[in-house]
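>>> Give me coordinates for this.
(one chain, ligands or ions: 1)
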Amino acid sequence: MATASLGSSTLVQSQVSGFGGGFRLQKQSLSHSNSFTFTRKKFRTIVTASSRVDKFSKSDIIVSPSILSANFAKLGEQVKAVELAGCDWIHVDVMDGRFVPNITIGPLVVDALRPVTDLPLDVHLMIVEPDQRVPDFVKAGADIVSVHCEQSSTIHLHRTVNEIKSLGAKAGVVLNPGTPLTAIEYILDVVDLVLIMSVNPGFGGQSFIESQVKKISDLRRLCAEKGVNPWIEVDGGVGPKNAYKVRHSETTWSFLLCGDLTLNLEDSSIAQEYLSCAIKGIKTSKKPVAVAV
Ligand SMILES: O=C(CO)[C@@H](O)[C@H](O)COP(=O)(O)O
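As a prediction, this is how the structure comes out:
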């Protein structure tokens, strides 16, 4: 079967070029005393998590495709393919089979992806007690770590958000479709990003929940009242046909649109074109105009 492969020479080249501002060479050891241990030691070019994200402007429309739909046997190649197709960040969906009914990946996969791309790794933790795992994900190379505000996931939200920031990553907070904005009112001043779930978390390929459009407008109003300007990310069921609903071009506030990009394309001849069109389609999505007949 043909794949969306871009070949290893492309990968190697992009590892030695394409870095932006300040980086340093550092021997890195990943270790944490949780249910698994990193023992791998290696030399790696380090770009700080914040500097990768700070290269983006809040007025940009950012497309952050989810790796959930990738062929995991070809993950590196497929991440490179979406990068070359023009995406901005890579969205990494981490699920534990407890907070959500699906199990995906852990820090080892983030660690494996880090040398593949210099795009920000935007890690969404759909797990119970994320504070237990945050250090592993940041050490593995996450640039943004987002945790759920629901108490069935994060017990001490303010503490966990501050923990993420103290480790040098950007901190995001996530709301399920049924969770009201009041749940994050008192941490809006400390978060870098708010992620509005426009599907119930756990699976790709679900339909966009329309009621979340109002929640996004209400969030923008709340942020304005509080004088804060976090990234606003909308995740689930977003594609070229409906992205305009969650993008508000009248302001300079950016919206990050995840999902709806099928990474798992098996035909390399159409994969790159398909991905480029999908990303462009999301960024330029417009409300259809009624035509008189
Ligand atoms: O976090 C999730 C689902 O829980 C999302 O990131 C989805 O993976 C987005 O995929 P589509 O809904 O666009 O297919």
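>>> contacts and neighbour counts: CA atoms only from here.
Will do.
>>> Enumerate the positions of the strand or helix carrying Glu225 that are buried.
Using DSSP states H and E, Glu225 falls within helix 212-226. Of the residues in helix 212-226, those buried under the neighbour-count criterion (16 or more other CA atoms under 10 Å) are 212-213, 215-216, 219-220, 222-223.
>>> after it comes which helix or strand?
strand 231-235.
>>> Show me what that next one is packed against.
Helices and strands touching strand 231-235, by 3 or more CA pairs under 8 Å, 6 or more residues apart in numbering; DSSP states H and E, are strand 193-197, strand 255-258.
>>> sorry, back to before: so which of the buried residues of helix 212-226 comes closest to the ligand?
Gln212 (13.7 Å; CA to the nearest ligand atom).
>>> The ligand contacts on the stretch 1-150 of the chain?
66, 68, 93 (CA under 6 Å from any ligand atom).
>>> The first one bridge partners, please.
When assigned by DSSP bridges, Ser66 has beta-bridge partners His91.
>>> is any part of the helix holding Glu225 close to the ligand?
No - on the criterion CA under 6 Å from any ligand atom, helix 212-226 is out of touch with the ligand, staying 13.7 Å away.
>>> re the thing from before, I'd like the buried residues of helix 212-226 laid out as CSV, including pLDDT.
Formatted as CSV, the buried residues of helix 212-226 follow (pLDDT from 0 to 100):
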residue, pLDDT
Gln212, 95
Val213, 94
Lys215, 95
Ile216, 94
Leu219, 95
Arg220, 92
Leu222, 96
Cys223, 95
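>>> quick one, strands of the chain?
23-29, 41-47, 62-64, 90-95, 121-126, 144-148, 170-175, 193-197, 231-235, 255-258 (DSSP state E).
>>> now these in a markdown table, with mean pLDDT?
What follows is the strands of the chain, written out as a markdown table (pLDDT from 0 to 100):
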| stretch | mean pLDDT |
| --- | --- |
| strand 23-29 | 34 |
| strand 41-47 | 49 |
| strand 62-64 | 93 |
| strand 90-95 | 96 |
| strand 121-126 | 98 |
| strand 144-148 | 98 |
| strand 170-175 | 98 |
| strand 193-197 | 96 |
| strand 231-235 | 95 |
| strand 255-258 | 75 |
